[in-house]
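# Build me a model from this:
(one chain, ligands or ions: 1)
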Amino acid sequence: MDDIPEALRETSTSQTKLQSTPGLLMGGILGIGMILMLGGAFLMRPVSSPSKTSSSSVTSVKPSPTPTPIPVSSPTPEPIENLLGHLEYKQAPVSELKAITSDGRIKLRHNAADQFIEMQRAARSQGIILTPISGFRTVSEQNYLFFEIQRQRNQNPSQRAEVSAPPNYSEHHTGYAIDIGDGKAPATNLSPNFEKTAAFNWLKNNAAKYSFELSFPPDNPQGISYEPWHWRYVGDQESLETFYKAKNLPKSLEN
Ligand SMILES: [Zn+2]
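Below is the predicted model of the structure:
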């Protein structure tokens with residue numbers, strides 16, 4: 001009880017049968033023509049639609065049978081989200097923090113804390129006093145530092161952002177960043193003059209052995225003021241991903 005014509009049921013050997021049945025052949029050509037026209041109209045629809053932006057309609061209409069390519073190979077990388085040049089960071093879980101001062105006031109993530117203490121010990125053996133000034137900070141602490149100090153100093157947001165990160169955008173949230181002072185030159189704390197201290201000179205020559213690096217060297221691509229006192233730990237997988245994964249900044253941010 002099968003009433004579908006034989007020619008339509010068979011696909012692989014239908015060529016000879018189609019040639020002997022002109023009506024079916026014409027129908028087939030017309031059918032293919034219709035499919036092509038419909039397909040063409042479908043493909044052209046996003047381009048000719050004036051009400052939507054081209055990018056949004058293309059992404060919403062175009063089917064994607066294959067996985068999207070890795071962004072690295074794309075000629076136009078997606079812009080990295082930033083706020084006044086600062087990148088967004090998650091706050092470290094409190095359970096992963098470890099004190100690096102005897103009073104427990106300044107904390108870093110475990111690996112960063114262990115390496116800082118070792119670095120501090122090595123420096124001390126050479127007469128250099130590395131004093132931790134600030135380590136992990138909560139978002140609310142950064143909120144005060146950004147907005148309250150901005151008001152006290154009569155700065156606008158752009159001016160403030162050159163020397164401080166907005167809340168949610170500070171490397172200090174990660175538990176990997178630390179501000180370091182010279183115990184023998186406290187007047188240079190958090191000042192560009194820290195660059196002239198023995199502590200900075202020692203860090204410049206030795207910090208990499210302990211997996212610390214300067215976050216904001218002179219002329220950094222983020223456009224943040226040079227901060228010789230601000231170092232970050234990049235010595236394990238998580239810290240490396242935190243600071244380097246997809247952090248290639250758009251050209252517009254380079255200066
Ligand atoms: Zn800092």
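# going forward, measure contacts and count neighbours with C-alpha atoms only.
Noted.
# what about the stretch 51-200 of the chain, any weak spots by pLDDT?
Along the stretch 51-200 of the chain, the model assigns pLDDT under 70 to residues 51-79.
# What segments of it are strands?
In the stretch 51-200 of the chain, the strands defined using DSSP state E, counting those that start in this stretch lie at 82-83, 86-87, 97-99, 107-109, 130-134, 177-182.
# Contact partners for the residue of the stretch 1-150 of the chain found nearest the ion?
The stretch 1-150 of the chain approaches the ion most closely through S134 (6.8 Å), counting by CA to the ion. By CA atoms under 8 Å, 6 or more residues apart in numbering, the residues touching S134 are 106, 178-180.
# Kindly state the beta-bridge partners for it.
With DSSP bridges as the criterion, the beta-bridge partners of S134 are D179.
# Looking at the stretch 51-200 of the chain, what residue ends up closest to the ion?
Taking CA to the ion, the stretch 51-200 of the chain has D179 as its residue nearest the ion, at 4.8 Å.
# Return the residues in contact with that residue.
Each residue near D179 by CA under 8 Å, 6+ apart is listed here: 132-135, 190, 229-231.
# Among those, which pair sits farthest apart?
With distances taken as CA to CA, the most widely separated pair in the contacts of D179 is G135 and L190, at 13.0 Å.
# Dihedrals phi and psi, Q237?
The phi and psi values for Q237, taken as degrees, to the nearest 10, are phi -60, psi -50.
# Repeat that for T242.
T242 adopts backbone torsions of phi -60, psi -40, taken as degrees, to the nearest 10.
# Also Q222?
Taking degrees, to the nearest 10 as the convention, Q222 sits at phi -80, psi -10.
# got the end-to-end distance for stretch 139-155?
For stretch 139-155, the separation between the terminal residues is 20 Å (CA to CA, to the nearest Å).
# Please work out which residues outside it touch it.
By CA under 8 Å, 6+ apart, stretch 139-155 touches 91, 156-157, 160-161, 164-168, 170, 173.
# which SSE is L240 in?
helix 237-244 (DSSP states H and E).
# buried sites along that helix?
Of the residues in helix 237-244, those buried under the neighbour-count criterion (16 or more other CA atoms under 10 Å) are 239, 242-243.
# With stretch 144-159 instead?
145-147, 150, 157.
# now do stretch 204-216
206-207, 210-216.
# Could you work out the end-to-end span of it for me?
Length of stretch 204-216, first residue to last, CA to CA: 13 Å.
# does any part of that stretch sit near the ion?
No. Judged by CA under 5 Å from the ion, stretch 204-216 makes no contact with the ion; its nearest approach is 8.7 Å.
# what's the average pLDDT for that stretch?
The average pLDDT within stretch 204-216 is 97.
# Can you give the contact residues for it?
Under the criterion CA under 8 Å, 6+ apart, residues 115-116, 118-119, 224-235 lie in contact with stretch 204-216.
# now that we have these, which one has the most neighbours?
Each of the contacts of stretch 204-216 was scored by neighbour count (other CA atoms under 10 Å); the top score is that of Y233, with 28 neighbours.
# Just to check, it is in contact with A177?
Yes. A contact is recorded between Y233 and A177 when judged using CA atoms under 8 Å, the distance being 6.3 Å.
# Spit out the contact partners of G135.
Per CA under 8 Å, 6+ apart, neighbours of G135: 106-108, 172, 175-179.
# can you do 7 Å?
If a contact means CA atoms under 7 Å, 6 or more residues apart in numbering, then G135 has 106-108, 172, 175, 177-179 as its contacts.
# The ion contacts on the protein?
So far as CA under 5 Å from the ion goes, the chain lies against the ion at 179, 230.
# show me where the chain has helices.
Assigned by DSSP state H, the helices in the chain fall at 6-9, 14-20, 22-48, 54-61, 110-124, 139-143, 149-152, 157-163, 198-206, 237-244.
# Would you map out the domains in the chain?
Here the domain assignment for the chain is 1-61, 83-253, based on automatic domain parsing.
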